[in-house]
Every structure is written in C-alpha cells, then in structure tokens.
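> Using only what follows, build the 3D model:
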Amino acid sequence: MIINFNTYNDMQAWPNPENDDIGIINSIAKSYTYDSVFGKWLTPNDDKVLFVTQNCADDVTSFSPSIEPNCYTTLGNIHSLITSLVINCVTPTDTKYAYSYKCKFTTPVTLGITAFSVLDDIGATVTWMGSAPSLKASKTYYISILNKLAIIAESV
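Numbers count the residues shown, from 1 in each chain. So this is what the prediction gives:
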C-alpha cells in the first residue's frame, strides 16, 4: 500500500504498517519502505553501509574525527606527530533504532599517540568489551560500536 505523509513523525506514528508498505513524505518528496523484519521504515540506502575516508592533516598533533552512524570510516594519515586521537560518534537522527559505528585506522611506525579515546554520541567514553585498548605502532585497528559498547580488533 502507498501511504502519503506530511512529516517523518507522521510516518513513524502510523499504526500497524505492513511489510513493503511505501510511505511518501510529500513535503520532501522522499519515499520509505516498511521492513517488518527490522520493524522500521527504510530508504533504499538504509540497508547499505557507506564507505567514508577522513584524513588527518600533516601538521597537527591532535586528531578528533567524527564518525557517522551506519558508515564505515577509514581514518587516514595517522602520523607520528599525533599525540591525541579522539574519535567522536555523531548523534543519530532519532533514538528509536540502534545505530552502529565502524572505523579503522593504521598507526605509524613511530607511535606518538599517548591519549586515545572513543566518545559515544553524547560525549561519554564508550565502554570497551574486554580491556581498554593500548595502541601499538604499525598496526591496523578496527573498531565497532553499538549501544555505547565498543569492540576493537588489532591486525596481526
């Protein structure tokens, strides 16, 4: 069934949507499809992960990139001058769903990072599954965050 809505909130409030219902928000001419497995309205791109790259400037000692929900962000140009790496999770557009954050970065041969942290979408330090990481030189790290819980894996 095709359902026309005035706002996104009107669509969210629609009682008992059925699988594959199409919701069109007239004011922005955007369509969504209801997915009963996920229990939410999806755009054609919501089930895809966007690849993003953020590069650190060459002459800085502090790098504080922001990573978006449902994106896989590569943090590039992590160099030996960097002493502080603080990864920030951007606040999602709503609080109804769980959003995941994913990123990776490679440390330089000469590691200068002495302060490393990952902050959730309200600016609090994430809780690490297992012990908090201790970065090493010349390693690639993969981080996944869901519901303010983070997992980090180190390349071998």
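
> In the strand or helix carrying residue 102, which residues are buried?
Residue 102 is part of strand 100-106, with elements assigned from DSSP states H and E. In terms of neighbour count (16 or more other CB atoms under 10 Å), strand 100-106 has its buried residues at 101, 102, 103, 104, 105. (C-beta placed from N, C-alpha, C; glycine too.)

> OK, contacts around the fourth one?
Okay, so that is residue 104. When the contact criterion is CB atoms under 8 Å, 6 or more residues apart in numbering, the partners of residue 104 are 72, 73, 74, 75, 140, 141, 142, 143.

> switch to 7 Å and redo it
74, 140, 141, 142 (CB atoms under 7 Å, 6 or more residues apart in numbering).

> What separation do you get for it and residue 153?
Shown here: residue 104 relative to residue 153, a distance of 9 Å by CB to CB, to the nearest Å.

> which residues do these two both contact?
Taking CB under 7 Å, 6+ apart as the criterion, residue 104 and residue 153 both touch residue 142.

> how's this structure carved up into domains?
Listed domain ranges for the chain are 2-42, 50-154 (source: automatic domain parsing).

> pLDDT weak spots in this protein?
Along the chain, the parts satisfying pLDDT under 70 run over 45-48, 96, 156.

> circling back to that earlier point, out of the domains of the chain, deepest packed?
When those are scored by mean count of other CB atoms under 10 Å, the highest mean neighbour count falls to domain 50-154 (a mean of 15).

> which element follows the strand holding residue 102 toward the C-terminus?
The next secondary structure element downstream of strand 100-106 (using DSSP H and E) turns out to be strand 115-119.

> May I have that following strand exported as PDB, CA atoms only?
Extracted C-alpha coordinates of strand 115-119, given in PDB (Å, rounded to 0.1, in the frame of the first residue of the first chain):
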ATOM      1  CA  ALA A 115      45.900   9.900  24.500                       C
ATOM      2  CA  PHE A 116      43.400   7.700  22.800                       C
ATOM      3  CA  SER A 117      39.600   7.500  23.400                       C
ATOM      4  CA  VAL A 118      36.300   6.900  21.600                       C
ATOM      5  CA  LEU A 119      33.300   9.000  22.700                       C
END
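
> Look up how far residue 151 lies from residue 94.
Using CB to CB, we find residue 94 at a distance of 24 Å from residue 151.

> No further questions, thank you.
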